[in-house]
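J.: Let's see this in three dimensions:
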Amino acid sequence: MGEPEIAKGAARDLPAFVELLEEAGAALWARGVQQWAAGLNRQQLPQLVQQVEAGELLLARAGSRLAGGCIVTSLASQFWTDRPKGAAYLGKLVVAPSAGGAGLGVRIARHAEERARARGLVRLRLDCWDQNPRLRRYYRELGYTELGAVTLGSYEARLFEKLL
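T.: Residues are numbered from 1 along each chain as shown. Purely as a prediction, here's the structure:
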C-alpha cells in the first residue's frame with residue numbers, strides 16, 4: 001500500500017481520528033499503560049473540535065486507511081498557563097497499532113514541527129502522562145526538552161518543549 005501520506009485534515013475527519021485515539025488507548029491499557037482510558041478521547045470531543053478549528057489536524061493515511069495523526073494548535077492546555085506565549089502545541093500524537101514500529105510517529109511529529117515553523121513560531125510544546133517513561137524517552141529522542149511536571153487533580157503531566 002506504500003508509505004502513509006501526511007496532510008491537513010478537516011473537522012469532518014475528527015470522528016475517525018477520535019476512534020483511532022480510542023483504539024490506541026485500548027492497546028496501551030492492554031499492555032499495562034494506563035493512559036487514554038476508554039471513552040476519554042470521546043469525552044474530550046468538544047475541546048478537540050475547538051483545537052482543530054484553532055489549528056490543524058494532521059492525518060497520516062495509507063490509501064483510505066487512517067494510520068495516525070496529531071493536532072497542532074495555538075491553544076495552550078491548562079498545563080501551560082505559566083509559560084510564555086508564542087508557541088504551538090502538539091497534542092494527541094497517535095499511530096494506529098497496526099502501523100506502529102515503522103517510524104510513522106516520528107514523521108508525524110516532524111510534520112507538526114514544519115507546520116509550527118511555517119506559522120513563524122519558534123517553539124513546539126507538548127505534555128504527556130508523567131507515568132509513561134517509554135513515551136517520555138521517545139519525546140527526548142525526538143529532541144524535546146523536559147521542563148518538569150505539573151499536577152492537575154490526580155493527573156500528573158510531563159511538559160516538553162522543542163526549539164524549532
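J.: Quick check on residue 86: phi, psi?
T.: Note on residue 86: its backbone torsions stand at phi 90, psi 30 [degrees, to the nearest 10].
J.: dump the residue contacts of it.
T.: The neighbours of residue 86, taking Cβ atoms under 8 Å, 6 or more residues apart in numbering as the test, are 121, 122, 123. For the C-beta atoms, the positions are set from N, CA and C on the backbone; glycine is no exception.
J.: Try it again at 10 Å.
T.: 74, 120, 121, 122, 123 (Cβ atoms under 10 Å, 6 or more residues apart in numbering).
J.: Please tell me I have it right and the last one contacts residue 76.
T.: If I follow you right, that is residue 123. No. Using Cβ atoms under 10 Å as the test, residue 123 is too far from residue 76 to be in contact (11.1 Å).
J.: buried residues in the helix or strand of the chain with the lowest mean pLDDT?
T.: Between all helices and strands in the chain, the lowest mean by mean pLDDT, DSSP states H and E belongs to helix 45-54, at a mean of 87. Across helix 45-54, burial judged by 16 or more other Cβ atoms under 10 Å covers 48, 51, 52.
J.: which residues touch that helix?
T.: So helix 45-54 is contacted by 9-11, 13-15, 17-18, 21, 41-42, 44, 57, 71-75, 77, 89, 91-92 (Cβ under 10 Å, 6+ apart).
J.: Please enumerate the shared neighbours of residue 123 and residue 76.
T.: Residues within reach of residue 123 and of residue 76 at once, by Cβ under 10 Å, 6+ apart, are 83, 85, 87, 88, 89.
J.: and the fourth one, what are its bridge partners?
T.: Read it as residue 88. For residue 88, the beta-bridge partners are residue 124 (DSSP bridges).
J.: Can you report how many residues neighbour it?
T.: A total of 26 residues lie near residue 88 under the criterion other Cβ atoms under 10 Å.
J.: what residue ranges in the protein score low on pLDDT?
T.: Within the chain, the stretches with pLDDT under 70 are 1.
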